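Please find the sequence and the predicted model below.
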Amino acid sequence: MTDDTPAVELADVDALTETPHAEVFETRDPRTVRLALDEGEEVAAHQHPDSMVVLYVLSGALELGLGDDTYDLDAGDGVRFDGEQDVAPRAVADAEALVVFAPKS
């Protein structure tokens, strides 16, 4: 934590309106976003090579492509993965998730 980083930063995740990604906190270390996808909407395969990623499904259902595998995630499910592999989320039903990008050590 640097001298200008707040010790505590609160956010109302339900009040975030940007789609598909909304930054949860002003401080971006670790970067935290709320992902909101309508049923059938998807994010093209991409990578976050400098991060370990944690995705927690708040509501709805996602089909999460990770590399060559696909995982079905429902509300309450969480997954942690290395951002070096391709990731491609697709909403099976309207879905919201929190995604945390933790810098690799």
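Looks like it arrived, so ask away. The model shown is predicted, which means the values in this text are computed figures rather than measured ones. Numbers count the residues shown, from 1 in each chain.

give me the low-pLDDT residue ranges for the protein?
1-3, 5 (pLDDT under 70).

pretty sure residue 64 contacts residue 77?
No - applying Cβ atoms under 8 Å as the test, residue 64 and residue 77 come out as separate, 9.3 Å apart. Yep, even glycine has a C-beta here, placed from its N, CA and C like the rest.

quick one, which of the two is more surrounded?
Using other Cβ atoms under 10 Å as the criterion, residue 64 and residue 77 rank with residue 64 on top: 19 against 15.

How about that one: what's its closest non-neighbour residue?
Nearest residue to residue 64, sequence neighbours excluded (Cβ to Cβ, 6 or more residues apart in numbering): residue 71, at 4.7 Å.

What helix or strand is the one you found located in?
Element membership for residue 71, per DSSP states H and E: strand 69-74.

ok, then the element right after that strand?
Downstream of strand 69-74 (by DSSP H and E), the next one is strand 78-82.

What strands line up against that following strand, and which way round?
Partners of strand 78-82 in the sheet, by DSSP bridges, are strand 51-66 (antiparallel).

List the buried residues for the strand it pairs with?
51-57, 60-62, 64-66 (16 or more other Cβ atoms under 10 Å).

Just put those residues in CSV and tack on distance to residue 86.
Shown next, in CSV, are these (distance: Cβ to Cβ, whole Å):
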residue, distance to residue 86
51, 14
52, 15
53, 12
54, 17
55, 14
56, 20
57, 19
60, 22
61, 20
62, 15
64, 11
65, 7
66, 7
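
quick revisit: so who does the residue nearest to residue 64 touch?
Contacts for residue 71 (Cβ atoms under 8 Å, 6 or more residues apart in numbering) come out as 63, 64, 79.

Now flag whichever of the residues you listed is closest to residue 103.
Within the contacts of residue 71, the smallest distance to residue 103 is 18.4 Å, found for residue 79 (Cβ to Cβ).

Dig out what that closest one forms beta bridges with.
Counting by DSSP bridges, the residues bridging with residue 79 are residue 55.
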